[in-house]
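> Generate a structure from the sequence data that follows.
(2 chains)
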Number of protein chains: 2
Amino acid sequence: MLDKNLKICIVGLGLMGGSYAEALSSRGYEVGALARRSQTLDYAFQKGWITSGETEVTKEYIEKFDLFVFALYPHIFIEWIENYQQFFRPGTLITDVTGVKGSTVYKIQSILRPDVEFIAAHPMAGREKSGIEYADSGIFEAANYIVTPTEKNTEKAVAVCEELGRTLGFKSVSRLCPEKHDEMIGFLSQLTHCIAVSLMTCRDTDGFEKYTGDSFRDLTRIANINDEMWSELFLQNKEQLLKQMELFSGTFEKLKEAIENGDTEEMRALMRLSTERRKNFNREEGTKK
Amino acid sequence: MLDKNLKICIVGLGLMGGSYAEALSSRGYEVGALARRSQTLDYAFQKGWITSGETEVTKEYIEKFDLFVFALYPHIFIEWIENYQQFFRPGTLITDVTGVKGSTVYKIQSILRPDVEFIAAHPMAGREKSGIEYADSGIFEAANYIVTPTEKNTEKAVAVCEELGRTLGFKSVSRLCPEKHDEMIGFLSQLTHCIAVSLMTCRDTDGFEKYTGDSFRDLTRIANINDEMWSELFLQNKEQLLKQMELFSGTFEKLKEAIENGDTEEMRALMRLSTERRKNFNREEGTKK
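Down below sits the predicted model:
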């Protein structure tokens, strides 16, 4: 478990920052926060998730904390570091929740003061809603947490970051280099969002809800999407995402050809492979599939 | 509600036939069954879902019933009618659960005796398992049921078939012509299965379960697929399925181009449209999304 005496500041109290504040305060940590709007802070105070909070970034407030969690859009995170990093106390550790790594980790590490360390992490959890009013630390329970260290990181900082993941309640905590992380996320998360958006927009679906089964609902759940955040994440991981989209299109076309040609053996071979591979992604019995 | 005196025979006791037998017997109907294996009948007897059952098709058994539900693969359904329709009592009503309609409904109606009526229906429910041991009438509760009448059907038979859907517990019962049904199913169900299979097979995913969030799980739930049944259903609805696959590919490519060109406005426009349209497919609050 994370050292109980660590004073933790969450920067950005949206869905994810709010869920961090809830999880950490409920486990007895002293949590502070920086937010753009005072109403957001009021909400977190009322819930008992923070014991202090500011809308203005000041040296006096920043130097109270040992550990920072940045839960901001990638470009705002970089701007924040450029503008305010002089306020950190020497030895401060900072981490983040950003969904792409290659484009942010090296950038932040290259501009950051040498006496402050940035260890990046990606909590693989979320909801199709944004804003602190939807924050819920329960989303971490069955989820994965990935730490993405670089050569610039110390083993100590990586260990603290992993402890943070476990303290938040994630089911699995693992390590990947930023490049491998972005490949994974390009495939497992960004490609799936591209598919859902395409499926939901490729034709008029007015009135179709009377005729649908569960499969269309499942495949389009994430078609309800925060367009500002995801368009930024897509472009931050453009090269990998395009590569994954091409892998998918290639197989989709292969299946289409098999159907066109009435090639039952090819269709069935793909279906048997997909059935076999899907088994690795089953949750434990009794939980959500 | 369906007339309580109707004697109903289920032909084919798999996942769907078993679920019909469970639902109808629990609501007090006299249910019989034809199955290939006696073990299947034993299972249904033990559960109290049937009061009679046979593995051999005989005139003596067939003429006991007023209503038949065919829960067989399409080509086996057609063969059955060709081989045994002389055993039906005049005035018998038959229905089915087949997932494609254009290729079966007209065929069956054209070969069927004039004193027996076939009214087709598609219960839009299922599980990623097959066999009577996974039968569960609970799958009907939040699901849609579609009746697909043709000019050959009487209004009385359509009404009985709709009552059957309501008696089974479906949330919504509606009517579509076979062609419109197949377009809907091509898009809402078959295309989604093609996407799931392609996503699950387009690259090696060994070990990826540690890095995934819910979205990949949701999009590949149906990648666990009965290859024998679905390859047959795809070919039975080939023309419509290929049309829907092309609609999807076209939009997927459009999104891909927007990402390639860094066209944030185009990306966000597609995402806003998808978010807006997805709202119509939300379940009521408090139930599964």
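
> what about the helices in chain A?
With DSSP state H as the definition, chain A shows helices at residue ranges A:15-26, A:38-47, A:59-62, A:74-84, A:102-111, A:155-168, A:178-185, A:192-201, A:214-220, A:227-236, A:238-260, A:264-278.

> can you list contacts of the third one?
Contacts to helix A:59-62, defined as C-beta atoms under 8 Å, 6 or more residues apart in numbering or on different chains, come from residues A:9, A:32, A:34, A:52, A:54, A:84, A:86, A:87, A:88, A:89. Where C-beta positions appear, they are placed from N, C-alpha and C, glycine not excepted.

> Report the distance from that helix to the chain centre.
Offset of helix A:59-62 from its chain centre (C-alpha atoms, centre = their mean, to the nearest Å): 27 Å.

> Next, the buried residues of it.
For helix A:59-62, burial by neighbour count (16 or more other C-beta atoms under 10 Å in any protein chain shown) applies to A:61, A:62.

> Show me where chain A dips below the pLDDT cut-off.
A:284-289 (pLDDT under 70).

> Would you map out the domains in it?
Domain segmentation of chain A under automatic domain parsing yields A:7-176, A:181-281.

> Same list (these) but as a markdown table, adding distance to residue B:267.
A markdown table is the format used below for the domains of chain A (distance: least, C-beta to C-beta, whole Å):
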| stretch | distance to residue B:267 |
| --- | --- |
| domain A:7-176 | 15 |
| domain A:181-281 | 4 |
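
> Out of these, which is closest to residue B:126?
Closest to residue B:126 of the domains of chain A, according to C-beta to C-beta: domain A:181-281, at 6.9 Å.

> Which strand residues bridge the closest residue to chain B within the stretch 1-150 of chain A?
In the stretch 1-150 of chain A, the residue that lies nearest chain B is residue A:124 (4.1 Å; C-beta to the nearest C-beta). The bridge-partner assignment for residue A:124, based on DSSP bridges, gives residue A:144.

> count of neighbours near it?
The tally of other residues near residue A:124 (other C-beta atoms under 10 Å in any protein chain shown) stands at 25.

> quick one, what contacts it?
Residue A:124 sits next to A:143, A:144, A:145, A:146, A:189, B:211, B:212, B:213 when contact means C-beta under 8 Å, 6+ apart.

> cutoff 6 Å now
Residues in contact with residue A:124 (C-beta atoms under 6 Å, 6 or more residues apart in numbering or on different chains) are A:143, A:144, B:213.

> do the same with residue A:89
Neighbouring residues of residue A:89 by C-beta under 6 Å, 6+ apart: residue A:63.

> Residue A:3 - how many residues pack around it?
Around residue A:3 there are 11 residues (other C-beta under 10 Å).

> what's the answer for the one 4 residues further on, then?
Burial measure for residue A:7: 14 neighbouring residues, criterion other C-beta under 10 Å.

> Same check on residue A:181?
Neighbours of residue A:181 under the rule other C-beta under 10 Å: 25.

> From residue B:256, how far off is it?
To residue B:256, residue A:181 is 22 Å away according to C-beta to C-beta, to the nearest Å.

> Also residue A:120?
Residue A:120 is 27 Å from residue B:256, by C-beta to C-beta.

> Ok, residue A:164 next?
Between residue A:164 and residue B:256 the computed distance is 36 Å (C-beta to C-beta).

> thinking residue A:88 is in contact with residue A:117, fair?
No - look at residue A:88 against residue A:117 with C-beta atoms under 6 Å: they stay out of range, at 10.2 Å.

> what's the neighbour count on residue A:9?
By other C-beta under 10 Å, the residues close to residue A:9 number 25.

> Same question for residue A:118.
24.

> about what we covered before: residue A:120 and residue B:256: who's more crowded?
Neighbours per residue, other C-beta under 10 Å: of residue A:120 and residue B:256, the larger number sits with residue A:120, 25 against 18.
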